[in-house]
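# Sharing a model that was predicted from the sequence below.
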Amino acid sequence: MILIITLNPLLERRFYYSQIYEGKVNRNGKVVYQAGGKGINVSRQLKYFGIDSYNLFFSGGTEGKIFRDSLKHENLQFTSVHIEEETRQAAVIISQNDKKVNSYFSENPEISEKEIEEMKSRIEKMIVNCEMIVISGSAPSKLAEEIVPFTINLANELDKTSVCDYYGSNLNEVMNSSPTILHNNLEETENSLKLILKTENEITDFLNSVYHRGIKRTFLTNGENIFYAQNFDYLYKIYPPEVKSIDSTGSGDAFVAGIIYAWKNGLIFEDSLKFASACGALNAESFEVCKVSLQNVFSLVDKVKVEPIGKKMKLIDDSPHQE
C-alpha cells in the first residue's frame, strides 16, 4: 500500500467561464467541487496511472464533509482525522477562452495538540502495512510541522520508503530526518531554507549536501525551466519538453506521481526522470489537475533531455531501497 499524507488539504470550488469580464458581474459559471492539496493531487494522478493509494488527512466542518464526498466521487480511498476548524478552501476562477486561472485561498486551520497526537497515532498504525509513505505539501500550523519529521523517522525505523515533497520553516529539520526521496520546487526551497540557488554550482553544491544527509534521491524542479536531480552521488541536468502551458497548478504533484510510477515499475533513474518530467509538463497543458494519461506521457518522454553532470551512472539496480 502507498500511504499519502496531506496535512493541509484544500476544497476547491472551481468556477468555469467561457470568458471573464473584468469589473463586471460574471454569471452562469459552471461550478465543480474538487478535493485538492498536494498529496490528494498525487493520489489522483496515480489512479490515472492505474496505481491505488490510500489518503490520510485532517478535515473538519462543512467544508470537510464536502471534501470527503468529493474524494468518494473520485473513488479515492481515505481516512481523515477530525479537526474542530473548517477545512481550508479555495475559489478557482477559470476563463477558458483567455486560458487564465485565478485562485483565492482561505486561511489555514489551526490544529490542536490533541488532533496532532491523533494524526501521529493513525500514522503509527497505518505505516506498518505500507510499502511507501508520501508526505506532500505544507503543514497548516506551526504545531503541526512536527508530524513531518516524526513520520520520516518512523518510516526509517521500519525500513519503509518515504517520499517527501514538503516546504516550510522546518524544512531543514525534515531533510535531516533523511527521507528516501526528496522533491522540492526551487523557489520553495530557497524561501524555506533562506538560500540563494541561482547558478549551477550553487544548485549542485546544495544537492551534494542533501546526499550527505542520507537522502538517496533528490529532485529540484523549476517549473518549465531546466532543473537538476541527484541519485546517490550522481548528478543530472534535465531539459523539460516544450509544451503550451495553460496552468501549472499541480505539475509538481504530477511529477511526484511520475517518480512513484517509475519506482513501482522498476525504471532506471534516467528513464524515471524523463517519465516524471513528461507528467509535469502535460499537466500544465490543461486546466484540470493531475489527470494526465499514461498514453500521453509515453508519447512525450523522448522529448525530455537528461544530461549527466560529472561521472556517469552505471547501469545497475539503482532502485531507492538499495544501499
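Looks like it came in fine. Numbering: from 1, shown residues only.
# Show me the shaky parts of the protein.
311-323 (pLDDT under 70).
# Strands of that one, start to end?
Taking DSSP state E to define them, one finds strands in the chain at 2-6, 10-17, 30-36, 54-59, 77-82, 88-95, 100-105, 132-137, 161-166, 181-185, 217-221, 227-231, 234-239, 305-309.
# Which of those strands sits closest to Ile196?
strand 217-221 (13.6 Å; C-beta to C-beta). To be clear about C-beta, it is placed using only N, CA and C from the backbone, and glycine gets the same treatment.
# separation between the closest residue to Gly214 other than its chain neighbours and Ile135?
Of all residues not flanking Gly214 in the chain, Ser178 sits nearest, at 3.6 Å (C-beta to C-beta, 6 or more residues apart in numbering). Separation of Ser178 from Ile135 (C-beta to C-beta, to the nearest Å): 13 Å.
# so what's in contact with those two at the same time?
Ile152 (C-beta atoms under 8 Å, 6 or more residues apart in numbering).
# For the two, indicate the residue with more neighbours.
Ile135 (27 against 19; other C-beta atoms under 10 Å).
# What is the burial count for Lys125?
Neighbours around Lys125, by other C-beta under 10 Å: 10.
# Nearest approach to Asn153 belongs to which of the strands of the chain?
Of the strands of the chain, nearest to Asn153 by C-beta to C-beta is strand 161-166, at 9.5 Å.
# If we ignore the residues flanking it in sequence, what's nearest the most centrally placed residue in the chain?
What sits nearest the mean C-alpha location of the chain, by C-alpha atoms, centre = their mean, is Asp253, with 3.5 Å. Nearest residue to Asp253, sequence neighbours excluded (C-beta to C-beta, 6+ apart): Asn41, at 3.6 Å.
# Could you report the neighbour count for the one you found?
By other C-beta under 10 Å, neighbour count at Asn41 equals 29.
# I figured it hits Lys291, correct?
No. Asn41 is beyond contact range of Lys291, at 9.7 Å (criterion: C-beta atoms under 8 Å).
# Do I have it right that Lys38 meets Gly137?
Yes. If you go by C-beta under 8 Å, Lys38 and Gly137 touch, sitting 3.8 Å apart.
# For the two, list the residues in contact with both.
If you check Lys38 and Gly137 against C-beta under 8 Å, 6+ apart, the residues they both contact are 6, 165.
# And Leu300, how far from Ser138?
For Leu300 relative to Ser138 (C-beta to C-beta), the value is 29 Å.
# How about Leu158?
25 Å.
# between the two, who's got more neighbours?
Taking other C-beta under 10 Å, Leu158 and Ser138 do not tie; Ser138 has more neighbours (20 against 13).
# Nearest spatial neighbour of the more buried one, chain-adjacent residues omitted?
Closest to Ser138 by C-beta to C-beta, 6+ apart is Gly168, at 4.8 Å.
# got a list of what that neighbour touches?
Contacts of Gly168 (C-beta under 8 Å, 6+ apart): 138-139, 145, 148, 174, 192.
# Just the ones in helices from these, please.
Judged by DSSP state H, the contacts of Gly168 include 148, 174, 192 as members of helices.
# Quick check: ChimeraX command selecting the buried ones in the residues you listed.
Here is the ChimeraX selection string for the buried members of these, based on 16 or more other C-beta atoms under 10 Å:
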select :148,174,192
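# Would you quantify the distance from Asn26 to Cys279?
From Asn26 to Cys279 the distance is 33 Å (C-beta to C-beta).
# neighbour count winner among the two?
Between Asn26 and Cys279, Cys279 has the larger neighbour count (other C-beta under 10 Å), namely 29 against 14.
# Quick check: the more buried one touching Ala262?
No. Here Cys279 lies out of contact with Ala262, judged by C-beta under 8 Å, at a distance of 9.6 Å.
# can you tell me how far Glu117 sits from Phe227?
Distance, Glu117 to Phe227, by C-beta to C-beta: 38 Å.
# just Ser141 next, same as before
30 Å.
# got it, and Pro241?
Distance from Pro241 to Phe227, by C-beta to C-beta: 13 Å.
# Those two - which one has more neighbours?
Of the pair Pro241 and Phe227, Phe227 is the one with more neighbours under other C-beta under 10 Å, namely 22 against 17.
# tell me the contacts of the more buried one?
Counted by C-beta under 8 Å, 6+ apart, Phe227 has contacts 186, 219-221, 237-238, 240.
# Make JSON lines out of the contacts of Gly168 and add distance to Val32.
JSON lines is the format used below for those (distance: C-beta to C-beta, whole Å):
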{"residue": "Ser138", "distance to Val32": "24"}
{"residue": "Ala139", "distance to Val32": "27"}
{"residue": "Glu145", "distance to Val32": "32"}
{"residue": "Val148", "distance to Val32": "31"}
{"residue": "Val174", "distance to Val32": "33"}
{"residue": "Ser192", "distance to Val32": "32"}
